[in-house]
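[1] sequence below, structure please.
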Amino acid sequence: MTDSVWKRLLMPVFMTRPFTWIGLNVVGRIDPIVMRLTNGRLYASRALGLLTILLTTTGAKSGRPREVALLAFEDGPDLFVIASRGGNARHPGWYHNLKRDPRATVVWRGRKEARVAHEAQSPERERLWRLAMSAYPTYDRYQERAGRRRIPVVVLTLPARP
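    From the prediction side, this is the model:
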């Protein structure tokens, strides 16, 4: 089967609350281990033609490294992630970490890169949201679940060269 067939068959399952829980609590714990071992080449969403990155931030409270596997999207040389937390009413921890210290490390497709984060604002946010939705339409469902919380879009850029 092609990626698009798998995606078409499985996307309705991904939109359910039980799968969201499995994604956050099971796949979210296994993917970082597999990604570390394969330098970001293998991860669960790859079977659907989606990109997952391993994001390392500095804990906002602890100051210690915090690692999380996240679905990500490319926009030219930039990457961006959606702080959906499966539609939870609160922002994910990694989002708070990046607000405090925007420097991060990203492992993806066999590379390890330093990146700098910023939260996308209009009209950049709307453009990136549409781009993410074209690949993973579940984000609109997550926004509904999140209630009043507007789900942030976080852009990860390569640091400026001196």
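[2] residue 73 contacts residue 133, correct?
    No. Applying C-beta atoms under 8 Å as the test, residue 73 and residue 133 come out as separate, 10.0 Å apart. C-beta here means a position set from N, CA and C on the backbone, and glycine is covered the same way.
[3] of these two, give the one with the bigger neighbour count.
    Shown here are residue 73 and residue 133; by other C-beta atoms under 10 Å, residue 73 has more neighbours (20 against 14).
[4] helix or strand for that one, which one?
    For residue 73, the host element (DSSP states H and E) is strand 65-75.
[5] tell me the strands beside that strand, with direction?
    Strand 65-75 sits in its sheet next to strand 51-58 (antiparallel), strand 78-82 (antiparallel), going by DSSP bridges.
[6] buried set for it?
    66, 68-73, 75 (16 or more other C-beta atoms under 10 Å).
[7] what do you get for stretch 140-147?
    So for stretch 140-147, counting by 16+ other C-beta under 10 Å, buried means 141-143, 145-146.
[8] what about residue 122, which SS state?
    What DSSP: H, G, I helix; E, B strand; the rest coil gives for residue 122 is coil.
[9] what about it, neighbour count?
    Neighbour count for residue 122, taken as other C-beta under 10 Å: 7.
[10] now it: how far from residue 84?
    Note on residue 122: its distance to residue 84, by C-beta to C-beta, to the nearest Å, is 18 Å.
[11] repeat that for residue 134.
    As judged by C-beta to C-beta, residue 134 and residue 84 stand 16 Å apart.
[12] so where's the chain shaky on pLDDT?
    Along the chain, segments meeting pLDDT under 70 span 1-29, 42-48.
[13] residue ranges for the strands of it, please.
    51-58, 65-75, 78-82, 103-108, 111-119, 153-157 (DSSP state E).
[14] export those strands to TSV and tack on distance to residue 39?
    Formatted as TSV, the strands of the chain follow (distance: least, C-beta to C-beta, whole Å):
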stretch	distance to residue 39
strand 51-58	9
strand 65-75	13
strand 78-82	16
strand 103-108	7
strand 111-119	7
strand 153-157	18
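[15] between the ones you listed, which one is nearest to residue 40?
    Residue 40 lies closest, by C-beta to C-beta, to one member of these: strand 103-108, at 4.1 Å.
[16] other SSEs contacting that closest one?
    In terms of contacts (3 or more C-beta pairs under 8 Å, 6 or more residues apart in numbering; DSSP states H and E), strand 103-108 is packed against strand 51-58, strand 111-119.
[17] that concludes my questions; thank you for your assistance.
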